[in-house]
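K.L.:
Just to be clear, the model below is a prediction. Sequence and coordinates:
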Amino acid sequence: MTTANANQNFDGVVVARTPLQMALRRFRRNKVGVISFWVLVVMYLSAIFAPFLAPYSITTQHEEYPYVKPSGIHVVHQGQWRGPFIYGSKTERDPVTFKKLSVVDRENPIPLQFFARGEDYRFLGVFRSNLHLFGVDPEKGYYFPLGTDKFGRDLLSRMLVGGQVSLTVGVVGILISFTIGIVLGGISGYFGGFIDGLIQRVIEVLLSFPRLPILLALSTIIPAKWPSTWVYLGIVAVLAFIGWAALARVIRGQVISARSIDYVQAARGLGAADMRIILRHIMPNLSSFLIVTATLSLPGYILGESGLSFLGLGIKEPMASWGLLLNDARTDDAFKTYPWLLLPGLMIVISVLAFNFMGDALRDAADTQSR
């Protein structure tokens, strides 16, 4: 037994590692992949607990505070220790343009409260609460950690809730597209013949269309009067509809090579149902490939939703997504004057890079030839 798949315990007994343990060991050695994994864990936890972490509702407008700059946390005021606090904002008019401007009020320190009571929300859509991680007394002022948009809506709150859409659209889309791709690809590779030819011709037609034009064309089918939840489901369906074809082709090739294995032939000889052989005997051997492919495919769904929402064809108000929030920064004036509106774009970049790095690490970990 080689040292690549065995180790000695304290008693000198050689203990064999399972393939899963060996893969986890290889994954842990990839520092970038591990860091990316924890970055994604933090992002998904932030999306799950978004109503608790967000100080305000995504629809709450503070009309007196449009385009407020991000506010910092201070602990010393005029040379004295005050604990965590923020400086309030006040509105002034530009002496030349007479445009309303929001400026920092250095004479108005506002204590920062943790586990503060604020606006009501439903956690996971079930539990009703008004407890937030932090906040300030609304009678004294407001706290906008990442600034506000043109309507005075808190950008941090909208980014946290928008992450629920941008991060889950990929997961739901993967579940749908992989289900279609695995079933059709498995049937095509297992049965062959006329069924194989028919499915492959459909796949070729789908793959012949450029991704972006067909994505835009399908998104216009979604009625503008649909509720926000229906629009979300429609976007997921559109992304899944064009995402299963490439996977089905790869699955077909894997199934063709796997259907001649001895235990598959034995299952057929015992009279096992064809679909049971595909799902219970062939697909489990492709699990590592499917996990890696799903991880590397998720960024495409995030970018697809963000692109549609940025162009105004995806998620609509009052819902929020990172692509929809980035739409506010597409003008030259907003890009130069209000750079904090680009922060949703930074979240897209971080999530896409994290998925790609983690996918590369998983691919290396699943490589049984690596040492």
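P.N.:
The structure has been received and is ready for your questions.

K.L.:
Now do the strands in the stretch 101-250 of the chain.
P.N.:
Read by DSSP state E, counting those that start in this stretch, the stretch 101-250 of the chain holds these strands, from start to end of the chain: 113-123, 127-135.

K.L.:
could those strands be laid out in JSON lines, adding mean neighbour count and mean pLDDT?
P.N.:
Backbone N, C-alpha and C define where each C-beta goes, glycine included. Compiled in JSON lines, the strands of the stretch 101-250 of the chain are given as follows (neighbours: other CB atoms under 10 Å; pLDDT from 0 to 100):
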{"stretch": "strand 113-123", "mean neighbour count": "14", "mean pLDDT": "88"}
{"stretch": "strand 127-135", "mean neighbour count": "14", "mean pLDDT": "89"}
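
K.L.:
if we compare these, which one ends up closest to Val42?
P.N.:
Comparing those against Val42 with CB to CB, the closest turns out to be strand 127-135 (14.3 Å).

K.L.:
Which of the strands of the stretch 101-250 of the chain sits closest to Lys150?
P.N.:
The closest of the strands of the stretch 101-250 of the chain to Lys150 is strand 113-123. By CB to CB, the value is 20.7 Å.

K.L.:
sorry, back to before: out of the strands of the stretch 101-250 of the chain, flag the one nearest Leu303.
P.N.:
Leu303 lies closest, by CB to CB, to one member of the strands of the stretch 101-250 of the chain: strand 113-123, at 28.9 Å.

K.L.:
Just the angle for the closest one relative to strand 127-135, thanks.
P.N.:
150 degrees (axes from the mean of the first three to the mean of the last three CA atoms, to 10 degrees).

K.L.:
Check which helices and strands strand 113-123 sits against.
P.N.:
In this structure, strand 113-123 packs against helix 50-53, strand 127-135, with contacts taken as 3 or more CB pairs under 8 Å, 6 or more residues apart in numbering; DSSP states H and E.

K.L.:
And these: which comes nearest Arg249?
P.N.:
Of all those, helix 50-53 sits nearest to Arg249, with 37.3 Å by CB to CB.

K.L.:
And the next helix or strand past the closest one?
P.N.:
Moving toward the C-terminus from helix 50-53, the next helix or strand (DSSP states H and E) is strand 74-77.

K.L.:
helices and strands around that following strand, which ones?
P.N.:
If contacts are counted by 3+ CB pairs under 8 Å, 6+ apart, strand 74-77 sits against strand 80-93.

K.L.:
what residues does the strand it packs on touch?
P.N.:
64-65, 68, 71-77, 99-106, 108-112, 136, 140-144 (CB atoms under 8 Å, 6 or more residues apart in numbering).

K.L.:
ok, 6 Å please
P.N.:
Defining contact as CB atoms under 6 Å, 6 or more residues apart in numbering, one finds that strand 80-93 is touched by 64-65, 68, 71, 73-75, 100-106, 108-112, 141, 143.

K.L.:
Tell me the buried residues within those residues.
P.N.:
In the contacts of strand 80-93, burial by neighbour count holds for 65, 68, 71, 102, 109-110, 112, 141, 143, counting by 16 or more other CB atoms under 10 Å.
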